[in-house]
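A.B. asks: Predicted model and sequence follow; I will ask about them next.
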Amino acid sequence: MKVRKTVRGLHRDFGYFFAFLVIIYSVSGIAVNHVNDWNPNYIIEKVRKDFTPYTDSTLVQEEIAAYIADQLGIKDSLNSLFLASEDEIDLFFQKVTVTANFREGKALVETVTSRPVIRLTNFLHLNVPKKLWTWIADFFALVLIYLAISGLFMLKGKNGFKGRGKWFFIGGVLLPIIIIILYY
Amino acid sequence: MKQLSYVISILLVASMVLFAGDSQKYGKEITLKETTKISTILEKPDSYDGKKVLVEGTVIGVCETRGCWIELSGDQPYEKIKVKVNDGEIVFPMEAKGKKAVVEGEVYSIVPEVQSECGSHKEGEKSSCSEEEKSTEEGCCSSGDKKVSKIYMIKGLGAVIE
């Protein structure tokens, strides 16, 4: 009886402690589950713009960069640039990236904005920090196993595991097995 | 509850700031001391195939969805090389674009798959395909045996981005 009380107490307190983390992992889980349909970390806006082609035959990269920035009305400071070919240049400003064909006067202006909350959840869920977080996440995973197993035996009687609980449990076991049979 | 969520959010942001800093490390520690110029690798890529190198350049491209690759500019005009990492082992942020990076990794090559293009048979002629084509159920298909040049990349193991 004392064991049961301890198990219930641990289940309850771990439940309180890790509730927020369960939500973080779940939100991130949904976000990265659809990685082929959307970007879970960033909002990337790409806008095509035309400008008067650069006619100077000398390829002074800084001059080309300044010309394009002026043409596109970008006031941002230039971090770096890359001459991709004799006609194309990539410009990396503080907040935007410009890929331009300066001979044709065509540019693709890319603005990247971080998704504030979801990116943080992904940061933790995908264990980007590594280090200490690896151990915390491992412990969290072990606690989830504990919560799952102890949760099975939380109730007694007709709503307990031996009652209708076992049928739900079997259903939950069959679900991944069916998916594996169908898709693996 | 509201206060608690504020506290946890602040902790999350603080941990990100802690792990950030001026230059960000990714993956394993860099062990090589001498850098190899990207132009040198691209000049004789076969001799570097399978070898571990340390390269540096500006990050000119980042994998948008998974952060699983970056492109580094070479030391010569128009030159660049792709650094591919195992999904999840290293996640490069989009903010890396335009920044200087030092990457340690192994040079490897891939031969891009050439998809065979099929065109239908001329009516009633099953053997109307040219010498370079094969006759299949789908029609005349280019064999896919066209000479394709290898693409050289670096399997990134560790990186530092300023």
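C.D. replies: Right, received. Where do you want to start?

A.B. asks: Excluding sequence neighbours, find me the nearest residue to the closest residue to chain B within chain A.
C.D. replies: At 2.5 Å from chain B, A:F92 is the closest residue in chain A, using CB to the nearest CB. Placement of C-beta: from N, CA and C, glycine included. Spatially, and ignoring its direct neighbours in sequence, A:F92 is nearest to B:G98 (2.5 Å; CB to CB, 6 or more residues apart in numbering or on different chains).

A.B. asks: for the lengthiest helix in chain A, packing partners?
C.D. replies: The single longest helix within chain A, with elements called by DSSP state H, is helix A:2-33. Applying 3 or more CB pairs under 8 Å, 6 or more residues apart in numbering or on different chains; DSSP states H and E, we find helix A:2-33 packed against helix A:116-125, helix A:131-152, helix B:2-19.

A.B. asks: one step back: thought the residue of chain A closest to chain B was touching A:L81?
C.D. replies: Yes. Between A:F92 and A:L81 there is a contact under CB atoms under 8 Å: 6.6 Å.

A.B. asks: Test my guess that A:K46 contacts A:V109.
C.D. replies: Yes. Look at A:K46 against A:V109 with CB under 8 Å: they come within range, at 7.2 Å.

A.B. asks: Show me which of the two is the more surrounded one.
C.D. replies: More crowded of A:K46 and A:V109, by other CB atoms under 10 Å in any protein chain shown: A:V109, with 19 against 11.

A.B. asks: Now the more buried one: phi and psi?
C.D. replies: Main-chain torsions, A:V109, degrees, to the nearest 10: phi -100, psi 120.

A.B. asks: name the element the residue lying closest to it once chain neighbours are set aside belongs to?
C.D. replies: Spatial nearest neighbour of A:V109, chain neighbours left out: A:V47 (4.9 Å); criterion: CB to CB, 6+ apart. Secondary structure from DSSP states H and E places A:V47 in strand A:42-50.

A.B. asks: what's whichever helix or strand comes after that strand in contact with?
C.D. replies: Next in sequence after strand A:42-50, counting helices and strands by DSSP H and E, comes helix A:61-72. Applying CB atoms under 8 Å, 6 or more residues apart in numbering or on different chains, the contact partners of helix A:61-72 are A:49, A:51-52, A:54, A:56, A:74-76, A:78, A:81, A:83, A:89, A:91, A:93, A:98, A:100, A:102, A:105, A:107, A:109.

A.B. asks: List only those of those residues flagged as buried.
C.D. replies: Buried by 16 or more other CB atoms under 10 Å in any protein chain shown: A:51, A:54, A:74, A:78, A:81, A:83, A:89, A:91, A:93, A:98, A:100, A:102, A:105, A:107, A:109, out of these.

A.B. asks: can you count the residues close to A:I179?
C.D. replies: Other residues within reach of A:I179, judged by other CB under 10 Å, total 10.
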